[in-house]
Structure formats: structure tokens, C-alpha cells
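# here's my sequence, what's the structure:
(chains A, B, C and D)
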2 protein chains.
Amino acid sequence: MLQKRTPARKPLAPETLLEDVFVNLLRTADALARGAEVLLKSTGLSSAQYNVLRILRGAGSEGLACSEIACRMISRDPDMTRLLDRMESRGLIARARGKEDRRVVKTCITTEGLRVLEKLDAPVRDLHHRQLHHLPAKQLQQLSRLLERARSNGESSCSPD
Amino acid sequence: MLQKRTPARKPLAPETLLEDVFVNLLRTADALARGAEVLLKSTGLSSAQYNVLRILRGAGSEGLACSEIACRMISRDPDMTRLLDRMESRGLIARARGKEDRRVVKTCITTEGLRVLEKLDAPVRDLHHRQLHHLPAKQLQQLSRLLERARSNGESSCSPD
DNA sequence: TGACAATAGTCGTTATAACGATTAATACTG
DNA sequence: CAGTATTAATCGTTATAACGACTATTGTCA
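Here you go, the predicted structure:
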């Protein structure tokens, strides 16, 4: 484990290493996200809307508060209200004031929302496969683990899906 | 190298592995990008504008065509014209029609743009350090390499900075 | 050379994002 | 139990992004 096996793939530039990681992360994320947006465009969903639907499907039938959705999202949206407004007007979600705490608004996915989501499940799996299948499973796990570590610094983690 | 040393950090779910990578990539990128936006907010630059300035500083003094900038950007912007409009009106860049091919518009960074950029150099390095210093160099290199591989599928690579 | 296609960039319009201030309901505190 | 702070969500406004259609310049080829 400690034998000198660094393959010197890059000249080990210590100054630009952090920046390389930063840029590569953003570039790769943008490339993957763009693929997803192309796929979603046919349904008229933005990736934020798709993400909300996924979160609501994963949550129980009792629904989630606005702020809970916001904090579970992949890319945080500062104005959940109007994002949900648009989804409600398309019939994808339903909202209702909470009974106990009348400040909160519980949001649920509708059957229409579920239907739209289900039609996307296979294409999305397929997309991920096309995007990432050229990496062996071991490297995918390594990557996933490193990514989690990378953001383990300053992020308030909400309870996962 | 082939001895059974998988530490079983995760139950090796083969179905959700691709999705995990996808979500972790987007989440981590968002976390890092948000830090950068906070830093840039004091200067009034968006991250796209900052990225353009970096690209133009890296390019020679002869400037770059609109489309060249677009294709080197981290997150592609579909409307370079108005992005550059705003930067020009703030005096950060200068534009001029090409002499040989009068279709192209060459864009250069101004001394004002360079000044703004230089004031950000140290804070940005510092930010990257704060965001990522908890990972040892070896893991950072691994991560960088895996990210490059991950997007080596469907992306048209422009000449790097 | 003259028609047609390709390329570079611009612009009109609509929808969305971003920022801050605001309202409403609940929790705390003396 | 009144006053203040906190929390949840909404709204007004401005700027930006997204999507096409459009103009101008250059290349291609019969």
C-alpha cells in the first residue's frame, strides 16, 4: 500500500492541483447536467423541477415542507415558491397548508406527476449508462466516495432521500 | 493489486451506482460553485463573467472570437453576445471586428479587467484551499483524473486554456 | 460569376433566476 | 400575557438565461 507506485500521469503540479480539481468538477458536472437537460426538454421539465419530483416521490404521501424540499435539492433554488407555483399550475404537485403549524405548506406529488416521472425512469437510467458506463465499477465507487469527501467540508447535510 | 481488499464502504449497490455518481457530482459541483459565487458577489461578477475574464487573460493580446470563448467556458452559455455586452459596458473587455474575416469579433481583456482579476487571484486560491485542503494530494489527483475520464465520453474538447 | 450553403454574431421575446423586503404564524422570555 | 425573536413562505423588482429567428459575411461549386 505504501510502495512508490505513483504513475506520474501528470507532472504533479502542486500549485494548480486544487484549481484542476475545481475546474474538472464543474466541467464534468456541466457535461452530465447538459445531457439530462436535453433529455428533460421533451417533457418541458427543468432539471430543478425534475429534482423536486424525485424528492417528492421519495418522500411519503404526507408531503414535504417547502424548506425541506429546498434543502434536499441538488442545486439549491433560492425561490422555491415560484418553482412550485409553476409545477402546481401544470398539475404535477399539490399544496396544502399544514394543520398543526399553519406556517408550513405541505407539498405532494400528484398521480400526474408520478406518471411523468415514471415515463422518465428508463430514459434517465439509460442516459447515466451512456454517460458513465466506460468507467469500471471500482472507479465509479472511488469517484463517488471522493466526491462525498470533497464536499464534506462546509455543507449542511439534510437527511438524505 | 488483485487481492480482495474492497472495504465494503457501501453495500455495493450495482443499480444505484451510476445514479450515485451523477448526483454526487452535481451536488459537489454546486457546493463548490456556490462558494465561488459568494466570493465573486462583492465584485459584481457572475461566475460566467469571471470565467470569461480568466479565459481572456490566458489568451494572447490578439483576443479571441466569441465562439472560441464560448467553447472554452466551464458552463456553456448559449448567448455570448449579451454576456460580453455587459462586460464591455463595465469596461472589463474590449471588442473589435476582425480585419481579415469581418464576421468575427475579437474580444480582449482590458487593463481594468486585468486589475479586477488580479485582486481575485489570492482570494480564489484561498477559497480552493479551504474547500479542498482536507483531501490529501494523492486523492486530489485521483479525483481529477477520474473526473476527466468521466466526461471523456461525449464532449467536444476545445484547446485547453 | 451567381446561386446556395455555411458560419459568426446579433437581436426579440418569453420565461426564469436572484435579491431583498414583507407577511403570517409560532416560539421564547421576562 | 405582552413584546420580541424566529421560522416559513410569499411577493415585487431587476437582471439574466433560453430559445428561435434574423443579418451579414464568407466559402463552395456548377
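# give me phi/psi at whatever residue of chain A ends up closest to DNA strand C?
DNA strand C sits closest to residue A:102 of chain A, with a gap of 3.5 Å, by C-beta to the nearest atom of the strand. C-beta coordinates here come from the backbone N, C-alpha and C atoms, glycine included. As for residue A:102, its main-chain torsions (degrees, to the nearest 10) stand at phi -80, psi 10.
# wait, a helix at residue A:57?
Yes - if the criterion is DSSP: H, G, I helix; E, B strand; the rest coil, then residue A:57 is within a helix.
# so it is in contact with residue A:109, correct?
Yes - look at residue A:57 against residue A:109 with C-beta atoms under 8 Å: they come within range, at 5.6 Å.
# quickly find the element holding the residue nearest to the spatial centre of chain A.
Per C-alpha atoms, centre = their mean, the C-alpha nearest to the average position across chain A is that of residue A:74, at 3.7 Å. Residue A:74 is part of no helix or strand when elements are defined by DSSP states H and E.
# how far away is it from residue A:33?
Residue A:74 sits 9 Å away from residue A:33, taking C-beta to C-beta, to the nearest Å as the criterion.
# overlap in contacts of those two?
By the contact definition C-beta atoms under 8 Å, 6 or more residues apart in numbering or on different chains, residue A:74 and residue A:33 are jointly contacted by residue B:26.
# who are the packing partners of the helix or strand hosting residue A:142?
Element membership for residue A:142, per DSSP H and E: helix A:137-150. If contacts are counted by 3 or more C-beta pairs under 8 Å, 6 or more residues apart in numbering or on different chains; DSSP states H and E, helix A:137-150 sits against helix A:17-41, helix B:17-41, helix B:137-150.
# now tabulate the ones you listed in TSV and tack on mean pLDDT, distance to DNA strand D and mean neighbour count.
TSV is the format used below for the helices and strands packed on helix A:137-150 (pLDDT from 0 to 100; distance: least, C-beta to the nearest atom of the strand, whole Å; neighbours: other C-beta atoms under 10 Å in any protein chain shown):
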stretch	mean pLDDT	distance to DNA strand D	mean neighbour count
helix A:17-41	92	6	20
helix B:17-41	92	11	20
helix B:137-150	95	21	19
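# residues of chain A that sit close to DNA strand C?
Taking C-beta under 7 Å from any atom of the strand as the contact definition, chain A meets DNA strand C at A:46, A:48, A:77, A:78, A:79, A:82, A:83, A:86, A:100, A:101, A:102, A:103.
# residues near the closest residue to residue A:97 other than its chain neighbours, how many?
In space, and not counting its chain neighbours, residue A:97 is closest to residue A:105: 5.9 Å by C-beta to C-beta, 6 or more residues apart in numbering or on different chains. Neighbour count of residue A:105, defined by other C-beta atoms under 10 Å in any protein chain shown: 17.
# neighbour count for residue A:57 and residue A:109, which is higher?
residue A:109 (25 against 15).
# hang on, the more buried one packs against residue A:88?
No - in this structure residue A:109 lies outside contact range of residue A:88 using C-beta under 8 Å: 11.1 Å.
# and the contacts of stretch A:47-56?
With contact meaning C-beta under 8 Å, 6+ apart, stretch A:47-56 is reached by A:33, A:36-37, A:40, A:45, A:63-64, A:69, A:72-75, A:77, A:83-84, A:86-87, A:92-93, A:107-109, A:113, A:116-117, A:120, A:161.
# among those, which ones are buried?
Among those, those classed as buried by 16 or more other C-beta atoms under 10 Å in any protein chain shown are A:33, A:36, A:40, A:45, A:63-64, A:69, A:72-75, A:77, A:83-84, A:87, A:92-93, A:107-109, A:113, A:116-117, A:120.
# in strands only, show me those residues.
A:64, A:93, A:107, A:108, A:109 (DSSP state E).
# you'd agree the second one is up against residue A:84?
Put plainly, it is residue A:93. Yes - the pair residue A:93 / residue A:84 is scored as a contact, 6.3 Å apart, by C-beta under 8 Å.
# could you list the low-pLDDT ranges of chain A?
For chain A, applying pLDDT under 70 flags the ranges A:1-15, A:154-161.
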